[in-house]
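Novice: Here is a sequence with its predicted model. Questions after.
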Amino acid sequence: MDLSTTYLGLKLKNPLVPSASPLSKDIDSIKKLEDAGASAIVMYSLFEEQIAFEAAELDHFLTRGTEQFAEALTYFPEEDEFNLGPEEYLEHIRKAKDATDIPIIASLNGISKGGWIEYAKKMQDAGADALELNVYFVATNPDQPGQEIEDLYREIAKAVKAQVTLPVSIKLSPNFSSISNMVSTLDKDGMDGFVMFNRFYQPDLDLQSLEVKPGVVLSSSNDLRIPLRWIAIMYDRIKGSMAGSTGVHSAQDVLKLIMAGADVAQMCAVLLNNGPGYLSTILSDMEKWMQENGYDSISTMKGSMSQKSVAEPAAFERANYMKALSDYSRSHTL
């Protein structure tokens, strides 16, 4: 059974790619993921705020008190001459590369233009095989037009892309007014791949303490439908690779994404719930299903249920809404 695929120009043994999560913070966990069948691993994210905080903190300690001694100012190099930021992350990439034989994809998370983008080059130098750019932006300003937000995404993506020669994917929100146009535009800008989609963690309210409480609610297979739909719509319309993310919990979920047109399936919640070894179960279930249904490779099924390939392309558009409501009404008649 040939489960191989290509993502961001990387030849992978199968489409199972653990997404950015706490599992990649430990080298032993990374090795367990590889042993269980992971074909590549996305590292946990390095955040813009971490880089900015460490830069400001170092500048504070370097310059504190120097105003008392004029000559002391000449003893310290300028802030930008220091190798600022979380060096531990870069060292972790090096260790992960030494400990594994699969591609390591670094993850850089930010929402503004600035010096943090330079860490893309540092990640490349540390040995990363690719970079995933995670622009986690919540548009809360009612006076900020949507076009301005889209332009920000493009500017950040171009700036990161200009820093490196390795392939770069961008993890997008599903909340753009036109997802298809946004993906197509970024594809023309030269992005190598797209991760669909970022899952925003929503805050909750604590009625006892009257506080806003952050928290993580893990996904379920029902969440797969949003990436499934848009990957199916965008298949064969762009040059870049596509990864399905959010709601990938089973072999069936992975197979659906591949048939929609994805190159890989990124998963997180199912591994946090069941451990790294669960990857081997998913792989085994995939092979069993493919054997029973006459598929001998991933390539033969890829895109077979995309919008361009199915008998009713409108099923991915407004017609799906009307048919879903009609079918539900018929099956739930009182």
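Specialist: Alright, I've got the coordinates. Numbers count the residues shown, from 1 in each chain.

Novice: What residues sit buried inside the helix ranked longest in the chain?
Specialist: Using DSSP state H to assign secondary structure, the helix with the most residues in the chain is helix 146-163. By 16 or more other C-beta atoms under 10 Å, the buried positions in helix 146-163 come out as 149-150, 152-154, 156-157, 160-161, 163. Quick note: C-beta positions are derived from backbone N, CA and C, even for glycine.

Novice: Also stretch 166-182?
Specialist: In stretch 166-182, counting by 16+ other C-beta under 10 Å, buried: 166-173, 176, 179, 182.

Novice: Show me where the stretch 51-200 of the chain has its strands.
Specialist: Secondary structure of the stretch 51-200 of the chain (DSSP state E, counting those that start in this stretch): strands at 104-109, 130-134, 168-172, 193-196.

Novice: quick one, what contacts residue 259?
Specialist: Contact analysis of residue 259 by C-beta atoms under 8 Å, 6 or more residues apart in numbering lists 301-306.

Novice: ugh, wrong one, residue 108
Specialist: By C-beta under 8 Å, 6+ apart, the residues touching residue 108 are 45-46, 116-117, 119-120, 123, 131-134, 160.

Novice: Turn these into CSV, columns for distance to residue 273 and pLDDT.
Specialist: Shown next, in CSV, are those (distance: C-beta to C-beta, whole Å; pLDDT from 0 to 100):
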residue, distance to residue 273, pLDDT
45, 20, 93
46, 25, 94
116, 32, 90
117, 34, 93
119, 31, 94
120, 32, 96
123, 29, 97
131, 28, 98
132, 22, 98
133, 27, 97
134, 22, 94
160, 32, 96
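
Novice: What distance do you get for residue 138 to residue 123?
Specialist: 25 Å (C-beta to C-beta, to the nearest Å).

Novice: Also residue 155?
Specialist: From residue 155 to residue 123 the distance is 19 Å (C-beta to C-beta).

Novice: And residue 138 and residue 123? Which one has more around it.
Specialist: Neighbours around residue 138 and residue 123, counted as other C-beta atoms under 10 Å, are more numerous at residue 123. The numbers are 24 against 10.

Novice: For that one, which non-adjacent residue is closest in space?
Specialist: By the measure of C-beta to C-beta, 6 or more residues apart in numbering, the closest residue to residue 123 outside its immediate chain neighbours is residue 106, 4.0 Å from it.

Novice: One more: residue 206?
Specialist: Nearest residue to residue 206 in three dimensions, chain neighbours excluded: residue 213, at 4.9 Å (C-beta to C-beta, 6+ apart).

Novice: What subset of the contacts of residue 259 is buried?
Specialist: Among the contacts of residue 259, those classed as buried by 16+ other C-beta under 10 Å are 302-303, 305-306.

Novice: any idea how far residue 160 is from the residue nearest in space to the middle of the chain?
Specialist: Geometric centre of the chain, nearest residue: residue 171, 4.4 Å, by C-alpha atoms, centre = their mean. Look at residue 171 and residue 160: by C-beta to C-beta, they are 12 Å apart.

Novice: joint contacts of the two?
Specialist: Counting by C-beta under 8 Å, 6+ apart, the residues touching both residue 171 and residue 160 are residue 133.

Novice: Please list all residues in contact with the closest residue to residue 204 other than its chain neighbours.
Specialist: Spatial nearest neighbour of residue 204, chain neighbours left out: residue 213 (4.8 Å); criterion: C-beta to C-beta, 6+ apart. Residue 213 makes contact with 203-206, according to C-beta under 8 Å, 6+ apart.

Novice: same check, this time on residue 101
Specialist: By C-beta under 8 Å, 6+ apart, the residues touching residue 101 are residue 34.

Novice: what's near enough to touch residue 166?
Specialist: If you count contacts by C-beta under 8 Å, 6+ apart, residue 166 has them with 124, 128-131.

Novice: Considering the residues you listed, which possesses the most neighbours?
Specialist: residue 131 (27 neighbours).

Novice: re earlier: point out the other helices and strands that the longest helix of the chain packs with.
Specialist: Counting contacts by 3 or more C-beta pairs under 8 Å, 6 or more residues apart in numbering; DSSP states H and E, helix 146-163 packs against helix 119-125, strand 130-134, strand 168-172, helix 179-189.

Novice: what residues does it touch?
Specialist: Here helix 146-163 makes contact (C-beta under 8 Å, 6+ apart) with 108, 110-113, 117-118, 120-121, 124, 131, 133, 135, 137, 139, 168, 170, 172, 176-177, 182, 185-186, 189-191.

Novice: Who wins on neighbours among the contacts of residue 213?
Specialist: Neighbour tally across the contacts of residue 213 (other C-beta under 10 Å): the maximum, 12 neighbours, falls on residue 204.

Novice: roughly how far apart are that residue and residue 223?
Specialist: To residue 223, residue 204 is 18 Å away according to C-beta to C-beta.

Novice: likewise residue 98?
Specialist: Residue 98 is 35 Å from residue 223, where distance means C-beta to C-beta.

Novice: Tell me where this structure has helices.
Specialist: Per DSSP H, the chain carries helices over the ranges 27-36, 48-63, 87-99, 119-125, 146-163, 179-189, 225-234, 251-260, 269-274, 278-292, 318-331.
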